[in-house]
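Enquirer: coordinates only, sequence not included:
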C-alpha cells in the first residue's frame with residue numbers, strides 16, 4: 001500500500017521539486033528524481049514506530065535536497081506500508097522495482113518483514129535496513145546499519161550482572177527470528193555472569209494475554225526478565241506486568257522499548273525497566289542536540305516523539321546518499337557495494353567501516369517515570 005507522509009501539513013520545508021513519472025531513462029525523457037521506497041509500519045503491532053520514522057526520513061530527504069540530493073538527483077520518498085500484517089508488501093515492491101520506479105529501498109520494520117522483502121526483490125536495488133536487529137544479514141546489496149543483538153545484550157547483561165546479580169532470567173518475545181536469535185545469544189551472556197536462563201515464551205503479534213508467562217515467572221522465582229516484544233505488545237506486557245505486582249520481583253531489560261512505548265507503559269509500570277540501544281532522545285551529545293534542533297525547526301513542537309527507530313530512518317537516508325556519493329552510481333547486479341568505509345550524517349555519530357560493518361555507540365538507560373535516563377555508554 002502506498003501512502004503519502006502524514007506530516008505534510010506540519011512540514012515547514014518548501015514542496016518537493018519533482019514528480020514521480022516512471023523509471024529513470026536516458027535521454028531527453030530522463031526523470032529528475034531519485035526515488036526511495038520508504039518501508040515503515042503504518043499499523044499493526046509495530047505501527048507505533050511509523051510516525052517518527054516517517055518524520056525523520058522526511059527531514060533527511062529535505063536536508064539532502066537542500067544539498068545535492070542523492071546521486072545528484074532530487075530525493076523523492078514513496079511510502080510503503082511495512083506492517084507485519086500488511087499482505088501486499090511483496091507485490092507493491094515488486095511492481096515498483098519491475099517498473100523501474102524506485103532506485104533504492106530504506107526499511108525500518110521488523111526482521112520478519114525484511115525477509116519478505118528480500119524474497120520478493122532482494123538483490124535488485126540497494127536496500128538499507130536501519131533498525132536494531134539480530135545480526136548476520138549478508139544478502140548482496142543489503143546494508144543493515146543498525147546495532148545488533150550481540151553488541152546490545154552482551155555488555156548490558158554484564159553490567160546488570162555486576163550491579164544487580166540476578167541469578168534466574170526469563171525471556172519473553174514475539175515469535176519470529178529476532179527474539180529467538182536474541183534469546184539464544186542471551187543464554188550464553190547470562191551464563192557468563194553466573195546466572196541462568198530458566199525459561200522462554202514466544203507469542204504472536206497482537207498478544208494481550210501474558211498470564212502464562214507471568215505464572216512461569218512466579219513459579220520460576222525469576223529475578224530478571226529479558227523482553228523482545230515489539231511495539232504495542234511491549235506496552236501491553238509491561239502494563240500487565242505492573243498490574244500483576246511483578247515489578248517488585250524482577251527487573252526488566254529490553255533492546256526495543258523506545259520513548260513512545262515507555263509513554264504507553266506509564267510511569268506506574270516502569271520500575272526497574274532497562275533499555276539498551278544506540279540512541280535515546282535524551283542523549284546530551286553535540287550531534288543529538290543539533291539533530292533535535294533541526295527536527296523541531298522543521299516540524300514544530302508537536303512533531304512525533306524522537307526515538308531509536310525514527311533516528312535510524314534518518315540515518316538510513318543519509319547512509320544511502322553516502323553510498324551513491326562521489327559520482328558513483330552503484331548497481332547491485334553488476335558490482336559489489338559497500339566495500340569502502342563511508343561517513344554519513346547521524347544523530348548518534350555512527351559510521352560505516354566497510355564490508356558490512358557499521359560502528360554504532362551502545363548505551364544503557366533506565367526508565368525514570370515517563371523518560372529514559374542514560375546511565376552509561378557500554
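Expert: Looks like it came in fine. Being a predicted model, the structure only gives us computed values, none of them experimental.

Enquirer: In this structure, where is pLDDT below threshold?
Expert: By pLDDT under 70, the low-scoring segments of the chain are 1-31, 326-338, 355-356.

Enquirer: is it fair to say residue 106 lies in a strand?
Expert: Yes: Residue 106: assigned to a strand according to DSSP: H, G, I helix; E, B strand; the rest coil.

Enquirer: Let me know how buried it is, in neighbour terms.
Expert: Around residue 106 there are 28 other residues, counting by other C-beta atoms under 10 Å. For glycine as for every other residue, the C-beta is placed from the backbone atoms N, C-alpha and C.

Enquirer: middle-most residue in this protein, spatially?
Expert: Closest residue to the average C-alpha location of the chain: residue 131 at 2.5 Å, with C-alpha atoms, centre = their mean.

Enquirer: what sits against it?
Expert: Applying C-beta atoms under 8 Å, 6 or more residues apart in numbering, we find residue 131 in contact with 49, 108, 109, 146, 308, 309, 312.

Enquirer: Let's see that with 7 Å instead.
Expert: With contacts taken as C-beta atoms under 7 Å, 6 or more residues apart in numbering, residue 131 has the following neighbours: 108, 146, 309, 312.

Enquirer: top of those residues by neighbour count?
Expert: residue 312 (34 neighbours).

Enquirer: Not counting residues beside it along the chain, what's closest to that one?
Expert: For residue 312, ignoring the flanking residues on the chain, the nearest one in space by C-beta to C-beta, 6 or more residues apart in numbering is residue 130 at 3.8 Å.

Enquirer: Same check on residue 104?
Expert: Residue nearest to residue 104 in three dimensions, not counting chain neighbours: residue 126, with 4.5 Å by C-beta to C-beta, 6+ apart.

Enquirer: What of residue 95?
Expert: On the basis of C-beta to C-beta, 6+ apart, the spatially nearest residue to residue 95 that is not a chain neighbour turns out to be residue 101, at 8.0 Å.

Enquirer: Pull out the buried positions in stretch 219-231.
Expert: Neighbour-count burial for stretch 219-231 flags 222, 223, 224, 225, 226, 227, 228, 229, 230, 231 (criterion: 16 or more other C-beta atoms under 10 Å).

Enquirer: Which parts of the chain are helices?
Expert: All helices of the chain, identified by DSSP state H, fall at 50-66, 89-98, 111-121, 149-164, 177-192, 211-219, 231-243, 259-265, 286-299, 308-323.

Enquirer: Return the set of buried residues in the longest one.
Expert: Judged by neighbour count using 16+ other C-beta under 10 Å, the buried positions of helix 50-66 are 50-65.

Enquirer: Just give me the closest of those residues to residue 156.
Expert: Proximity of those to residue 156 was ranked by C-beta to C-beta; the top entry is residue 52 with 23.0 Å.

Enquirer: Who are the contact partners of the residue nearest to that closest one when sequence neighbours are not counted?
Expert: Sequence neighbours aside, residue 310 is the residue nearest to residue 52 in space, at 3.0 Å (criterion: C-beta to C-beta, 6+ apart). Residue 310 makes contacts with 52, 53, 55, 56, 304, as judged by C-beta under 7 Å, 6+ apart.

Enquirer: wait, which of those residues is closest to residue 250?
Expert: Checking the contacts of residue 310 one by one against residue 250 (C-beta to C-beta), the nearest turns out to be residue 52, at 29.3 Å.

Enquirer: From what I see, that closest one and residue 306 are in contact.
Expert: Yes: between residue 52 and residue 306 there is a contact under C-beta atoms under 7 Å: 6.2 Å.

Enquirer: can you list the contacts of residue 310 in CSV and add distance to residue 360?
Expert: Written out in CSV, the entries for the contacts of residue 310 read as follows (distance: C-beta to C-beta, whole Å):
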residue, distance to residue 360
52, 18
53, 17
55, 21
56, 16
304, 22
